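**Q** fold the stuff below for me.
(chains A and B)
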Amino acid sequence: MSIKVTLPTAFTRHTDGRKQFNSTAQNLPGLIADIDTTFPALSTQIKDEEGKLRRFINIYVNEEDIRFLGGETYAFQDGDEVMLIPSIAGGSF
Amino acid sequence: MNYSCSRYELKCNECGKRFGNQPLSACPDCLAPLEIAYDLEAARGIFTRENIAAGPVNIWRYAALLPIPEGFQPDLPVGFTPLVRAKNLGKRIGATNLYVKNDAVCFPTLSFKDRVVSVALANAQKFGFDVVGCSSTGNLANSVAAQAARLGLKATILVPADLEPAKILNTQVYGARLIRIDGNYDHVNRLCTQIADEYAWGLVNVNLRPYYAEGSKTVGYEIAEQLGWRLPDNVVVPMAGGSLIRKIRKAFNELIYLGLVEEKPVRFFGAQATGCSPISVAVKSGADYIEPQRPNTIARSLAIGNPADGPAAAKMIRSSGGWAEDVSDVEIVSGIQELAETEGIFTETAGGVTTAVTARLYADGRISPDQITVSCITGNGLKTTDALTGHYQQERAVRPRLADFDAYIRELDGIAEPELAIAGAN
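**A** Numbering: from 1, shown residues only, chains lettered A, B, ... in the order given. All right, here's what the predicted structure looks like:
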């Protein structure tokens, strides 16, 4: 089982420029744990002081907001495309 | 007249970091939305009642507190729409001191979005964008298309596929590239954040959002000036993304700080359609987060299920002592009709929401009849005539003869012929 995770450009300074990576996480908490291990600097950026995902980040699974799918309880399906996007993303030239 | 206010820059409201001026809407560190911070002390002595009165009769009279680049020369006379006393509507809903701020006649495209777009595009030009665009529920699309045409910029505009036909036509006519997205506004908006990440485009409500949003302050400045430089007791504002209501408050606070109006607690009331009411629900429940909704309402211009400024708007409304309400689609249509029949103002569905919510706030005793209350109408009814389909019949044609006309009027009024003759004899 594998999901494809896509990041906005603003996050890539913490991932050696990578905008996409694969994960075998079963659900959202699993994905966060995966990021903790693989990209610790990104983990610091997307979580607040209490270790919770910052409220300005939206997570989409195959175009749908994960909150409509059950949030943390949603079980990722093989091939899911997961996107992390700031609620209003910063653009660049 | 010098139209630029050089002392402003992007600031993160969460972590306080400043970022100069660039097309950026989220803090690179904590990801919170960025806003424009001004050196208000530098505006003291410049942003005065006298200087404003000497300026043009449009939003550029307030340029000293707008994020306008150095050397900018405004072109279009945007804004300064009528603030009308609504005695007839007031009588019907139990209000004695009610005003309507009528952005249904905002120039050039008949909605308050003309204000935000003119400020955003001034910055788009400064940043060197050749292509501008937006994600839109319609009014923004119309305004970006029209003003981009005027400025010679290319426009690419994304809208939900089910948008009202008039709003689609009113975008295409200006030569803009209109792309209908198979999804709701939240899908369109998410796609636009990705586009802003990949394309060198100036998307007014994405990477230019902090500049764009400041244009909404002019609604607040105008209300205060048109009330004779005083603040109202209450403001009723429609909410989609939740930005306008906060910017009106920002405008009032700046006017207080600079001494243009006396300090006064103003209560802010938000209006939504029940079919898309995430901010109203948050205000009522006291939540500090927004539970996103899948919109299902005829008020498509307010149909944002995951509003970016929603949490901040809900918090501000509660802290002002205000409230939020939401109304059904049936009430929205009644609101449109009521405003048209009483004040001669034809507003779109969003204005129906605002009018119906205003009526409910009086009915529920949340607003006292004699308090100065301003109801903000943000768009024009000609763009959403489909909402009234079936409410008015086209009657049969009458032959151009007086006798036929007389008979027809008698028929409409249900008056028998002899009675009319007697009435005529008197």
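
**Q** smallest gap between the stretch 301-426 of chain B and chain A, at which residue?
**A** residue B:308 (4.9 Å; C-beta to the nearest C-beta). The C-beta positions use only the backbone N, C-alpha and C, and glycine is treated the same way.

**Q** tell me if I'm right that that residue and residue A:87 touch.
**A** Yes - using C-beta atoms under 8 Å as the test, residue B:308 is close enough to residue A:87 to be in contact (5.3 Å).

**Q** overlap in contacts of these two?
**A** residue B:33 (C-beta atoms under 8 Å, 6 or more residues apart in numbering or on different chains).

**Q** backbone torsions only: list them for the nearest residue to residue B:83 once chain neighbours are set aside.
**A** Computed as C-beta to C-beta, 6 or more residues apart in numbering or on different chains, the closest residue to residue B:83 that is not its neighbour in sequence is residue B:226, at 3.9 Å. Note on residue B:226: its backbone torsions stand at phi -70, psi -20 [degrees, to the nearest 10].

**Q** out of residue B:308 and residue A:87, which sits in the busier spot?
**A** When residue B:308 and residue A:87 are compared for neighbours, residue B:308 comes out ahead with 27 against 24, by other C-beta atoms under 10 Å in any protein chain shown.

**Q** interface residues of the stretch 1-150 of chain B facing chain A?
**A** B:23, B:24, B:25, B:26, B:28, B:29, B:30, B:31, B:32, B:33, B:127 (C-beta under 8 Å from any C-beta of the partner chain).

**Q** pick out the most distant pair among these.
**A** Comparing every pair within the residues of the stretch 1-150 of chain B next to chain A by C-beta to C-beta identifies B:30 and B:127 as the most remote, at 23.4 Å.

**Q** just the C-alpha atoms of stretch B:62-80, please, in PDB.
**A** Extracted in PDB, the C-alpha atoms of stretch B:62-80 (Å, rounded to 0.1, in the frame of the first residue of the first chain):
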ATOM      1  CA  TYR B  62      -8.600  57.200   0.800                       C
ATOM      2  CA  ALA B  63      -5.400  56.200  -1.100                       C
ATOM      3  CA  ALA B  64      -3.200  57.300   1.800                       C
ATOM      4  CA  LEU B  65      -4.300  54.200   3.700                       C
ATOM      5  CA  LEU B  66      -4.400  51.800   0.800                       C
ATOM      6  CA  PRO B  67      -1.400  49.700  -0.300                       C
ATOM      7  CA  ILE B  68      -0.800  51.600  -3.500                       C
ATOM      8  CA  PRO B  69       2.700  51.400  -5.100                       C
ATOM      9  CA  GLU B  70       4.800  54.500  -5.600                       C
ATOM     10  CA  GLY B  71       3.900  56.500  -8.700                       C
ATOM     11  CA  PHE B  72       0.500  54.800  -9.100                       C
ATOM     12  CA  GLN B  73      -2.000  56.900 -10.900                       C
ATOM     13  CA  PRO B  74      -5.600  55.700 -10.500                       C
ATOM     14  CA  ASP B  75      -7.600  55.400 -13.600                       C
ATOM     15  CA  LEU B  76     -11.100  54.200 -12.800                       C
ATOM     16  CA  PRO B  77     -13.600  56.000 -10.500                       C
ATOM     17  CA  VAL B  78     -14.300  53.000  -8.300                       C
ATOM     18  CA  GLY B  79     -16.600  53.000  -5.300                       C
ATOM     19  CA  PHE B  80     -18.100  55.900  -3.300                       C
END
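
**Q** how distant is that stretch from the center of its chain?
**A** Chain-centre distance of stretch B:62-80: 18 Å, with C-alpha atoms, centre = their mean, to the nearest Å.

**Q** which of the residues in it are buried?
**A** Applying a neighbour-count criterion of 16 or more other C-beta atoms under 10 Å in any protein chain shown, the buried positions in stretch B:62-80 are B:62-69, B:72, B:74, B:76, B:78-80.
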